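Visitor: can't give you the sequence, but here's the structure:
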């Protein structure tokens, strides 16, 4: 029987929707993020999941780590499958063939399945207004197939398809701002989260599931293998991503921005970069360039938040 464990004024269920025994790597930030998200969602859900790390580690035939209805889809159609599930549930309800209890439809995918291959079906689902939650677990490359770069790979990171060389620093484009792209669809709820702030993550996933209409949560998911970092440092690295401003935690609810974690002073990006082998080749000049870009993006995000405070 499920119980709850208290953490200060908060409590968390002991029930595991994403069960142990899966084959995720030691220190996998994505597995932790999935576990936390599932605790927030509860059992009354149907999950559509794209091909990727979590699909592979959680469903080696004939076993599964999923204790709720779960469908494996292709990279490109996770949101489309979730749309069909939501439309089917709505049709059953209209015909009086359901008990009225809401079933949350949740789509899950990595950054490759979301920012790249599945962006078209995601955009279509958002535009049509399906009542569903899409969660992107962002480990910043195609980790399951060999650490190939994605459009979510950060500037300067070394991957197998954007390697460091005599004339290359690795990834030469800046990380795609997918939350901003999603927010441009004018959906009710968009948020960023990371497992280093577990209660913030769970609150956002729960809010996204309960909001009427499409919702999107983008979760940073450290990967020790692809990031070439120590497994025991995954949570610390995720926390540094937030505290340095590289991955700020915020919400956009009905078009209004809200910062959830505001460091007194941003830590240098160097503190974050130096713990990961994928950045070890960067020169002081390149790190300065990254710092300037992070400062600029942080200032712009703060401007949006402060502007709305003045209006309210």
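Guide: That came in fine, so what should we check first? The shown structure was predicted, so the numbers you read here are calculated from the model rather than taken from an experiment. Numbers count the residues shown, from 1 in each chain.

Visitor: Could you list the low-pLDDT ranges of the stretch 201-312 of the chain?
Guide: Within the stretch 201-312 of the chain, the segments meeting pLDDT under 70 span 312.

Visitor: for the protein, longest helix please?
Guide: Counting residues, the longest helix found in the chain (DSSP state H) is helix 284-311.

Visitor: in stretch 276-289, what's buried?
Guide: Neighbour counts over stretch 276-289 (16 or more other Cβ atoms under 10 Å) mark 276, 278-279, 281-282, 286-287 as buried. Backbone N, C-alpha and C define where each C-beta goes, glycine included.

Visitor: Among those, which one sits closest to residue 9?
Guide: Using Cβ to Cβ, residue 276 comes nearest to residue 9 of the buried residues of stretch 276-289, at 34.3 Å.

Visitor: Please name the residues that touch the closest one.
Guide: By Cβ atoms under 8 Å, 6 or more residues apart in numbering, the contact set of residue 276 is 227-229, 237.

Visitor: now stretch 252-261, how far from the centre of its chain.
Guide: What separates the centre of stretch 252-261 from the centre of its chain is 16 Å, taken as Cα atoms, centre = their mean, to the nearest Å.

Visitor: which residues does the nearest residue to residue 174 once chain neighbours are set aside contact?
Guide: Counting by Cβ to Cβ, 6 or more residues apart in numbering, residue 155 is the residue found nearest to residue 174 once chain neighbours are left out, at 4.9 Å. Contact analysis of residue 155 by Cβ under 8 Å, 6+ apart lists 171-175, 290, 293.

Visitor: on that earlier part again, in terms of secondary structure, what does the longest helix of the chain contact?
Guide: strand 256-259, helix 269-273 (3 or more Cβ pairs under 8 Å, 6 or more residues apart in numbering; DSSP states H and E).

Visitor: Indicate which one of these is closest to residue 46.
Guide: Of all the helices and strands packed on helix 284-311, strand 256-259 sits nearest to residue 46, with 29.2 Å by Cβ to Cβ.

Visitor: I'd like to know which elements the closest one is packed against.
Guide: Looks like strand 256-259 contacts strand 250-253, helix 284-311 (3+ Cβ pairs under 8 Å, 6+ apart).

Visitor: between the ones you listed, which gets nearest to residue 26?
Guide: When the helices and strands packed on strand 256-259 are compared by Cβ to Cβ, helix 284-311 sits nearest residue 26, at 28.3 Å.

Visitor: what secondary structure does the residue nearest to residue 174 sit in?
Guide: Secondary structure state of residue 155, per DSSP: H, G, I helix; E, B strand; the rest coil, is coil.

Visitor: Tell me where the stretch 1-150 of the chain has strands.
Guide: Assigned by DSSP state E, counting those that start in this stretch, the strands in the stretch 1-150 of the chain fall at 4-7, 10-13, 45-50, 70-73, 104-110, 133-138.
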